[in-house]
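Participant: Give me the fold of what follows.
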Amino acid sequence: MEAWKWRGVPVWELGGIICTGESYRSVVKLTFAKGASLPDPSGLFNASLEGKTRRAIDIREGEVPNEKAFKALVRAAAALNHSKKRK
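Facilitator: Next comes the predicted model:
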């Protein structure tokens, strides 16, 4: 589900927040709420790496993230949200 929160920030949720999207002058930032707990074998996460919970993908003009790896992150985030609700 997509929602708009916090002064117009798009938020994608399924059993909890999966990620948020923000646009800045030089990047579009997709922040995964529980990104530090997600597998990222393709190395898509390239921002907010120092935090204990979140991880982000900064996309610069002309860049195209690996679609298969991105879908895997979204699926893993949804599965993590679902597993937390079961407990």
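Participant: so what pLDDT did A76 get?
Facilitator: You'll see A76 listed with a pLDDT of 96.
Participant: pretty sure it is touching S42, no?
Facilitator: No: A76 lies out of contact with S42 (CB atoms under 8 Å); the separation is 11.7 Å. Where you see a C-beta, it was placed from the backbone N, CA and C, and this is true even at glycine.
Participant: So those two - more neighbours on which side?
Facilitator: Neighbours per residue (other CB atoms under 10 Å) separate A76 from S42, with A76 holding more: 18 against 13.
Participant: helix/strand/coil for that one?
Facilitator: Secondary structure state of A76, per DSSP: H, G, I helix; E, B strand; the rest coil, is helix.
Participant: Go ahead and flag the most central residue of the protein.
Facilitator: F32 (2.7 Å; CA atoms, centre = their mean).
Participant: nearest residue to that residue other than its sequence neighbours?
Facilitator: C19 (4.7 Å; CB to CB, 6 or more residues apart in numbering).
Participant: what's the neighbour count on the one you found?
Facilitator: 23.
Participant: Check K34 too.
Facilitator: Residue neighbour count, defined by other CB under 10 Å, stands at 18 for K34.
Participant: got the contact list for it?
Facilitator: Contacts for K34 (CB atoms under 8 Å, 6 or more residues apart in numbering) come out as G16, T53, R54, A77, L80, N81.
Participant: In helices, which of the residues you listed appear?
Facilitator: The helices, defined by DSSP state H, take in A77, L80, N81 from these.
Participant: Reformat the contacts of K34 as CSV; add neighbour count and distance to E63.
Facilitator: Formatted as CSV, those follow (neighbours: other CB atoms under 10 Å; distance: CB to CB, whole Å):
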residue, neighbour count, distance to E63
G16, 14, 28
T53, 11, 25
R54, 20, 20
A77, 24, 21
L80, 19, 26
N81, 17, 27
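Participant: Could you pull up the residues touching N81?
Facilitator: The contact partners of N81, by CB under 8 Å, 6+ apart, come to L14, G15, G16, I17, I18, K34.
Participant: Right, I'll leave it there.
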